[in-house]
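>>> okay, predicted coordinates and the sequence, questions at the end:
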Amino acid sequence: MELVDTHTHLDFPDFDADRPALLAASRALGVRKMVVLGVYRDNWQRVWDLVQSDPDLHAALGLHPVYLDQHRAEDLVQLREWLTRLAGHRQLCAVGEIGLDYYIETLDRERQQALFEAQLQLAAQFELPALIHVRRSHAAVIATLKRLGLKRGGIIHAFAGSFEEAREYLKLGFKLGLGGAATWPQALRMHRVLAKLPLEAVVLETDSPDMAPAMFPGVRNSPAHLPAICAALAEIMSISPEQLAEASTANARELFNW
């Protein structure tokens, strides 16, 4: 069974003590490729250095809305320079993590929106997918994507919306990232949505080190948990883990042109 973890933060210090061993263990379990996402300007170099050390790691670079107070106007200039310098590199796969976060009420929504749109325009310019963070902001994200339109689409990270919202994203060419949050027994609404999703809609992710699945409560999440996440989600979707793994991996490869 071959798997792709489409959303990790493997550059974070949480993995400094055992990163090579963890990568080896994940591969032994079938996780062949992993995407490492940048979240603010000062971690892009760390992300890029990490993926350059391993041919099966791929980078996405972006300015995450949760770090809004850290971002400066010149960071967008820097992001454009990074994307220009790395254009066409096989290990640069997307712009991300970008998006809108309305869960944290102190984050200025107008600034978030301006930053989000500027980065979507960069994704369009460099013909890259967008990896999008959405918390309590589906309506605003969908409206923005409809207005701007991205040929390459992307992934809605940690999708937890309604089936109607899922359909809107699919019409816009986006895949839905599914991970540990949907494995918890209390995620009943998400279970109902999962049961109706077409297989061509989904990709798998961990958000390591965050969003640990129900099978590993309270521990550091990692790509090594992806097979267990796949099995749990497949059960909810009434299909085999092999079916979900095959479809999600094919979807990821198509999206990233691998």
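Done, it's in.
>>> which residues in the chain form helices?
Under the criterion DSSP state H, the chain contains helices at 19-28, 41-52, 73-86, 109-125, 138-148, 163-171, 188-194, 226-237, 241-256.
>>> could you give the average pLDDT over the first one?
In this model, helix 19-28 carries a mean pLDDT of 98.
>>> now swap in the longest one and tell me
Per-region confidence: helix 109-125 scores 98 on mean pLDDT.
>>> which strands and helices sit next to that helix?
Counting contacts by 3 or more C-beta pairs under 8 Å, 6 or more residues apart in numbering; DSSP states H and E, helix 109-125 is packed against helix 73-86, strand 92-101, strand 130-135, helix 138-148. In this view, the C-beta of every residue, glycine as well, is placed from N, C-alpha and C.
>>> hmm, who's touching it?
The contact list for helix 109-125, computed with C-beta atoms under 8 Å, 6 or more residues apart in numbering, reads 62-63, 65, 68, 71, 76, 79-80, 83, 94-95, 98-102, 128-130, 140-141, 144-145, 148-152, 154.
>>> separation between Leu79 and Leu197?
Look at Leu79 and Leu197: by C-beta to C-beta, to the nearest Å, they are 32 Å apart.
>>> more neighbours: which of the two?
The neighbour count for Leu79 versus Leu197, taken as other C-beta atoms under 10 Å, is higher for Leu79 (22 against 18).
>>> wait, what's in contact with Arg41?
If you count contacts by C-beta under 8 Å, 6+ apart, Arg41 has them with 63, 71, 75, 78-79.
>>> most surrounded residue in those residues?
Leu63 (27 neighbours).
>>> grab the nearest non-local neighbour of that residue.
Of all residues not flanking Leu63 in the chain, His71 sits nearest, at 5.1 Å (C-beta to C-beta, 6 or more residues apart in numbering).
>>> which phi and psi values does the one you found adopt?
Here the main-chain torsion angles of His71 (degrees, to the nearest 10) amount to phi -70, psi 140.
>>> thought it was touching Val77?
No: counting by C-beta atoms under 8 Å, His71 sits too far from Val77 to count as a contact (11.7 Å).
>>> many thanks, we can stop here.
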